[in-house]
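[1] Here you go, sequence then predicted model.
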Amino acid sequence: SISVETISYILLCPFRLRPLLVIVVVVVGSSMDLKKVVKIVPLKLYPSQLDDVKKGINDNLKGKLMIYSTEYKGVPISYSKVQLTSPKAVIHEDSPIIHAYAKVTFMVFRPKIGDVLEGEVNKVTVDHVGVVILGRFNASISRKDLPSGYVFREDLGAYVLDDVDTLNIKVGSKVKVVVKTIEASHGVIDLISTLY
């Protein structure tokens, strides 16, 4: 069966005076991919960030989180092990922006077609069921992709199996879905799914 574990650990980041608490969500028993990806990342520091360079670097990296990226083949959800690749930065011509590069380890959510994921129903309509995966990612199940026998009951705001109230798919229900298609638009992914 699929369960979600939250693991907390302390990172010692060279750009912070204090350790950084990082919480990583691991899905146990799932075919879902959470991958560590090491990348060399360009950083842009503005003059206003020079008072606190560590914060400026972290702001740059936070801007890469929770956005689908073809470069990462998924959605970076956290980062660690930030190391500048050079002790020097560059200012190009008359631009006030300071350019540097850092080697960073990202934890990337990489769902694949066929993955079985667990989530919570957050929307039920006559046309589809909306599911949130890991509290963050949208999955949708079209009415035609529900198993036969499920009927939408508007009075309950739920899909009911053969009109039996005990097997409802309603807001708050925990369900397992199988990823059928992955769509990405403007950095947001939608997992078109079927019920497991």
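    In hand now; what should we look at? Predicted model only: the values in this text are computed from it and were never measured.
[2] ok, the nearest residue to H92 once chain neighbours are set aside to S86 distance?
    Closest residue to H92 apart from its sequence neighbours, by Cβ to Cβ, 6 or more residues apart in numbering: H99 at 6.7 Å. Bear in mind the C-beta positions are built from the backbone N, C-alpha and C, glycine included. Counting by Cβ to Cβ, to the nearest Å, the gap from H99 to S86 is 11 Å.
[3] ok, those two, which is more surrounded?
    H99 (13 against 9; other Cβ atoms under 10 Å).
[4] Report the mean confidence score over the strand or helix carrying that one.
    Per DSSP states H and E: H99 is located in strand 98-110. Mean pLDDT, strand 98-110: 88.
[5] so what strands line up beside it?
    If you go by DSSP bridges, strand 98-110 pairs up with strand 33-45 (antiparallel), strand 75-84 (antiparallel), strand 90-91 (antiparallel).
[6] List the buried residues for it?
    By 16 or more other Cβ atoms under 10 Å, the buried positions in strand 98-110 come out as I98, A100, A102, V104, T105, F106, M107, V108, F109.
[7] Any figure for the gap between the closest residue to the last one other than its chain neighbours and T85?
    Take F109 and drop its neighbours on the chain: the residue closest to it by Cβ to Cβ, 6+ apart is V75, 4.5 Å away. Between V75 and T85 the computed distance is 24 Å (Cβ to Cβ).
[8] And T181, by the same measure?
    38 Å.
[9] try V178
    In terms of Cβ to Cβ, V178 sits 41 Å off from T85.
[10] Would you map the helices across the protein?
    For the chain, applying DSSP state H gives helices covering 53-62.
[11] from what I can see the residue nearest to H92 touches L43, true?
    Yes - counting by Cβ atoms under 8 Å, H99 sits close enough to L43 to count as a contact (7.1 Å).
[12] Can you name the residues that contact M107?
    Going by Cβ atoms under 8 Å, 6 or more residues apart in numbering, M107 touches V24, L34, K35, K36, V37, P76, I77, S78, Y79, S80.
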